[in-house]
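**Q** Quick check, what structure comes out for this input:
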Amino acid sequence: MIQPQSRDYLKSKGIDHSDFHPKTINRSLLEKQDLIITMEHSHAQELRNNYPGIVDIDKKTFTLRKFNGEAEEIGIIDPYYTSTSTYKKVLKIIDDNIEKMINNITQINQLKS
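**A** Now for the predicted structure:
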């Protein structure tokens, strides 16, 4: 289930979330990924610690901000159970960083081709 504030935000951006279903992280899911993005450093570290045998887990796991060139320690808090004001601030941070990530991936792909 999506938080009402997140649902409203996605709707305001024209993003359809009707087919969204959360997935439990498991070895098979992680092994299939080329890039793993987390919001907080502790989440990235937990994946590295819990799945050490996955090839290149250290090289493909980043916090969103670290992937965008910022310090690893600067995570993005989970806005669940926060005020509407804080929730909106966190969504803005995520939105800005997703835009940066898309630009970074686009540049990487252009260099590869």
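
**Q** Tell me which other helices or strands the helix ranked longest in the chain touches.
**A** Longest helix in the chain, counting residues (DSSP state H): helix 84-112. Secondary-structure packing of helix 84-112 (3 or more C-beta pairs under 8 Å, 6 or more residues apart in numbering; DSSP states H and E): helix 4-12, helix 64-67. Using the backbone N, CA and C atoms, a C-beta is placed for each residue, glycine as well.

**Q** which parts of the following helix or strand past the longest one are buried?
**A** On the C-terminal side of helix 4-12, the closest following helix or strand by DSSP states H and E is helix 27-31. For helix 27-31, the neighbour count (16 or more other C-beta atoms under 10 Å) marks residue 30 as buried.

**Q** low pLDDT regions in this structure?
**A** Counting by pLDDT under 70, the chain has low-confidence residues at 72.

**Q** show me the contacts for residue 5.
**A** 79, 84, 87-88, 91 (C-beta atoms under 8 Å, 6 or more residues apart in numbering).

**Q** again, 7 Å this time
**A** 84, 87 (C-beta atoms under 7 Å, 6 or more residues apart in numbering).

**Q** For residue 82, see how far away it is.
**A** Residue 5 sits at a distance of 9 Å from residue 82 (criterion: C-beta to C-beta, to the nearest Å).

**Q** With residue 48 instead?
**A** For residue 48, the distance to residue 82 equals 27 Å [C-beta to C-beta].
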